[in-house]
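>>> Could you look at this predicted model? Sequence included:
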Amino acid sequence: MTALRDAGARTASSGASAPAPLTRTRHRRVLPLALGLTVLLLVLAVVAAGTGQLRVPPAEVLGSVLHRLGLDVGTLPSHPNGDAALWTIRFPRVVMAILAGAALATAGAVMQGVFGNPLADPGVVGVSSGAALAACTGIVFNLTFLGAFTSAALAFVGGLVTTLAVYLLARSGGRTEVVTLVLTGVAVNAVAGAGIAFLTFLADTQAREQIVFWQLGSLNGTRWEYVAVVAPFVAVGLVVALLVARRLDLLALGERAARHVGVDVERLRIVSIVGVALLTAAAVAFCGIIAFVGLVVPHLIRMAVGPGHRVLVPLSALGGAVLLLAADLVARTAVAYADLPIGMLTALVGGPFFFWLIRRTRKQAGGWA
Amino acid sequence: MLRGVGFDVDGVTLLDGVDLDVEPGSLLAVVGPNGAGKSTLLGLLAGDLRPTRGTVTSAGTAIEDVPVADLARRRAVLLQEHRLSFPFSVAEVVRMGRSPWRGTAAEDDDDRHVTEAAAAADVLHLADRRFPTLSGGEKARTAYARARAQATPVLLLDEPTAALDIRHQEMVLAQARDLARAGHAVVAVLHDLSLAAAYADRVLLLGEGRARALGTPAEVLRADLLGEVYRHRVEVLTHPRTGDLIVLPDRTTPEDHR
């Protein structure tokens, strides 16, 4: 009894005495992780650019880049076709992998924030298929009203419509239940899949091949023109993601409480969804459906540095770029003289991860909450 | 602030004809049986719900015309449910209460407000804990700390004591009264009528969507009125030492004689 009273007195006094102020502290792992990922990305980019049927040592890759930048230092590729191979084939592909990876991971992070659900991912909920369906329509009917931007623009519209649809269908009472979200994804993927199947049926042989490419997902044959189309989409999408990051933190309180601390929830939702659609479309437009990047990367980042979106969004972009660059390197080197579809690889790794995540979420939430 | 306010959902009237002024310097307790419209009233005061009839005003402006960011600097709300989609730490959650002040001069006081609110809610020692790992009462106190950190003139509390132990119940209501004394306007939905009697300056008794009484605890918490509104006989006693009113259910009458 005495002990109890003492304990009570202690807590009371500890509350009364002047406490050390709670200052805003950044997670101590943020900076090392950001630096580590950046270094990893640069090293991977140089290695990936030099790896392939025509090998270019890292020093020569660097030399070639520096040379183009007007700095006459370092050694140029010794192979007669080395420089050309780097600049017409390898570099566009490396840049595309970085852009698409960053786009998909960021889209996943933003989507999870808006849905208030860590299992949201453009691939899982069907936004990628929606974007692919719209892009396929462009291929089959030879639509070229916007030139090189046509398929990207169509993918954006398809992605936007699908994200909105999933959002409206899966939400109830201000939040998205895991089951509803995943099942909505199943339904949306089924409908989009049917649409793509129908388009495949309608298409001629050449278009059919292109459609198959969407569904597998690949960075094969990336050209600078494609990169030039994708880059602005990714840039705008990333800016949107960074702008909404702070408010996504508040949205974690639930829609009502977020409003109580001054968040215009309706506007936040619309801006975020447009951002997700932009980023997903950017990745899907030329690389096809690459699933699970948006699921795996933000999750790992969250485990390392916590859920704050101001850190999560930029680190996810960086992590996604690293992951997709590495995956693409594996895709084109794992089997000699073959270019494996990258979507297949990410799904191979992402599928089991997704399953593990579902089990974990179920355990933590005590049921399908 | 509320004038002839009514609120319907799907043709069902949840609240009707309520007039209420939320005054600075006063702690108003809203009491009434389940489904009487207490949370609806709080939702209307918070600007979450649009009244079907009548008007809700804040400083002379219809509340739906006040931008959400301005509203967040006028009133803080503690809801009954405390959930969080991602595992933020307690310190991060309390700091979320400061976000309406971002970009204003008050932002410089963020650290002080966050620390004071966390200390007041007795969650300072939990600052680094992840919110989902807390007990129900600890979550409720963290949410209370967040609402306090917002440091608004109006504080709306929906059942602030529901998940709390007796020490923290007393702590929260004593603080609510102190805030009222310091010039804040505090509204608390309460189920415990004795708590309402002990701490409130005014009590609003709701029954079936209507205001049944509004006044001092002694005026409102009368055995006959409470018995009728709650449809259960109650006794109202006076504490022999403090003179506080104590409301108890009358357990001596057989069920069928109520």
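Structure's in. What do you need? Numbers count the residues shown, from 1 in each chain, chains lettered A, B, ... in the order given.
>>> CA atoms for contacts and neighbours, from now on please.
Will do.
>>> those strands in chain B, which residues are they?
With strands called from DSSP state E, chain B shows them at B:2-9, B:12-20, B:26-31, B:53-58, B:61-62, B:75-78, B:154-158, B:185-189, B:202-207, B:210-215, B:234-238, B:245-249.
>>> Go through those and name the closest to chain A.
Chain A sits nearest to strand B:75-78 of all the strands of chain B, at 6.4 Å, using CA to the nearest CA.
>>> Check which strands are paired with that closest one and give the direction for each one.
Note on strand B:75-78: by DSSP bridges, its sheet partners are strand B:154-158 (parallel).
>>> How about whichever residue of the stretch 1-150 of chain B sits closest to chain A: what's its closest non-neighbour residue?
In the stretch 1-150 of chain B, the residue that lies nearest chain A is residue B:69 (4.1 Å; CA to the nearest CA). Excluding the flanking residues, the one nearest residue B:69 by CA to CA, 6 or more residues apart in numbering or on different chains is residue A:262, at 4.1 Å.
>>> Could you do residue B:80 as well?
Nearest-residue entry for residue B:80: residue B:158, 5.7 Å, with adjacent residues in sequence omitted and distances by CA to CA, 6+ apart.
>>> Just give me the neighbour total for that neighbour.
Burial measure for residue B:158: 20 neighbouring residues, criterion other CA atoms under 10 Å in any protein chain shown.
>>> same question, the one 4 residues further on
Other residues within reach of residue B:162 by the criterion other CA under 10 Å amount to 16.
>>> Likewise for the one 10 residues further on?
Counted with other CA under 10 Å, residues neighbouring residue B:172 total 19.
>>> separation between it and residue B:156?
Using CA to CA, to the nearest Å, we find residue B:172 at a distance of 13 Å from residue B:156.
>>> One more: residue A:147?
Taken as CA to CA, the span from residue A:147 to residue B:156 is 56 Å.
>>> Contacts for stretch B:108-126, please.
A:15-16, A:19-24, B:90-91, B:94-95, B:98, B:127, B:138, B:141-142, B:144-146, B:148-151, B:172, B:175 (CA atoms under 8 Å, 6 or more residues apart in numbering or on different chains).
>>> So which bits of the longest helix seen in chain A are buried?
Of all the segments assigned as helix in chain A under DSSP state H, the longest by residue count is helix A:224-251. Using 16 or more other CA atoms under 10 Å in any protein chain shown as the test for burial, helix A:224-251 gives A:224, A:226-227, A:229-231, A:233-235, A:237-238, A:240-251.
>>> contacting residues around residue A:193?
Counting by CA under 8 Å, 6+ apart, residue A:193 makes contact with A:129, A:133.
>>> quick one: pLDDT of it?
Residue A:193 is assigned 89 on the pLDDT scale.
>>> repeat for residue B:2
Residue B:2 is assigned 68 on the pLDDT scale.
>>> Residue A:167: which element?
Using DSSP states H and E, residue A:167 maps to helix A:150-170.
>>> Any chance you could list what contacts that helix?
Contact partners of helix A:150-170, identified using CA under 8 Å, 6+ apart, comprise A:115, A:125-128, A:130-136, A:138-139, A:143-144, A:146, A:176-177, A:180-181, A:184-185, A:188, A:229-230, A:273-274, A:276-278, A:280-282, A:284-286.
>>> For the residue in the stretch 251-369 of chain A that chain B sits nearest to, list the residues it contacts.
At 4.1 Å from chain B, residue A:262 is the closest residue in the stretch 251-369 of chain A, using CA to the nearest CA. By CA under 8 Å, 6+ apart, the contact list for residue A:262 reads B:68-73, B:99-100.
>>> pLDDT of the host helix or strand of residue A:278, averaged?
For residue A:278, the element it lies in under DSSP H and E is helix A:265-287. In this model, helix A:265-287 has a mean pLDDT of 88.
>>> and it, does that touch chain B?
No - residues of helix A:265-287 contacting chain B under CA under 8 Å from any CA of the partner chain: none, with a closest distance of 9.3 Å.
>>> for the helix or strand following that helix, packing partners?
Per DSSP H and E, the first helix or strand lying C-terminal to helix A:265-287 is helix A:293-305. With contacts defined as 3 or more CA pairs under 8 Å, 6 or more residues apart in numbering or on different chains; DSSP states H and E, helix A:293-305 has these neighbours: helix A:91-115, helix A:309-333, helix A:342-365.
>>> that older thread, and the helix holding residue A:278, how far out from the chain middle?
Relative to its chain's centre, helix A:265-287 lies at 11 Å (CA atoms, centre = their mean, to the nearest Å).
>>> Name the residues of it that are buried.
Neighbour-count burial for helix A:265-287, with 16+ other CA under 10 Å as criterion, is recorded at A:265, A:268-269, A:272-287.
>>> Check the helices and strands packed on helix A:293-305 for me and report the most buried one.
Of all the helices and strands packed on helix A:293-305, helix A:91-115 carries the top mean neighbour count, a mean of 29, counting by mean count of other CA atoms under 10 Å in any protein chain shown.
>>> Enumerate residues external to stretch B:9-17 that contact any of its residues.
B:3-8, B:35-37, B:40-41, B:53-54, B:208-211.
>>> Now that we have the residues you listed, which of them are buried?
B:5-8, B:36-37, B:40-41, B:53-54, B:208-211.
>>> near chain A, from the residues you listed?
The residues of the buried ones among the contacts of stretch B:9-17 that also fall near chain A, by CA under 8 Å from any CA, amount to none at all.
>>> can I assume residue A:287 is in contact with residue A:217?
Yes - Residue A:287 is within contact range of residue A:217, at 5.4 Å (criterion: CA atoms under 8 Å).
>>> ok, and the closest non-adjacent residue to residue A:144?
For residue A:144, ignoring the flanking residues on the chain, the nearest one in space by CA to CA, 6+ apart is residue A:150 at 5.7 Å.
>>> Could you find the closest non-adjacent residue to residue A:248?
If the residues on either side of it in the chain are set aside, residue A:248 comes closest to residue A:113, at 5.6 Å by CA to CA, 6+ apart.
>>> State the pLDDT value of that neighbour.
Residue A:113 is assigned a pLDDT of 92 by the prediction.
>>> Contact residues of chain A facing chain B?
A:15-16, A:19-24, A:116-118, A:250, A:252-254, A:256-257, A:259-264, A:306-308.
>>> ok so, going back, lowest mean pLDDT across the helices and strands packed on helix A:293-305, which one is that?
helix A:342-365 (a mean of 81).
>>> Show me the domain layout of chain B.
Following automatic domain parsing, one gets these domains for chain B: B:1-74+B:153-167+B:180-226, B:86-151.
>>> deepest of the ones you listed, which one?
domain B:86-151 comes out most buried of the domains of chain B by mean count of other CA under 10 Å, with a mean of 21.
>>> coming back round to it: between the domains of chain B, which has the poorest mean confidence score?
Least confident of those, judged by mean pLDDT, is domain B:1-74+B:153-167+B:180-226 with a mean of 91.
>>> can you give me the offset of it from its chain's centre?
7 Å.
>>> Span of stretch B:114-128 from start to end?
For stretch B:114-128, the first-to-last residue distance is 13 Å (CA to CA).
>>> my bad, should have said stretch B:63-83
Taking CA to CA, stretch B:63-83 runs 26 Å from one end to the other.
>>> ok, now stretch A:82-90?
By CA to CA, the extent of stretch A:82-90 from end to end equals 10 Å.
>>> What are the buried residues along it?
By neighbour count on 16+ other CA under 10 Å, the buried set for stretch A:82-90 is A:82-83, A:85-87, A:89-90.
>>> neighbouring contacts of that stretch?
Applying CA under 8 Å, 6+ apart, the external contacts of stretch A:82-90 come out as A:48-50, A:54, A:56, A:61, A:64, A:76-77, A:221-224.
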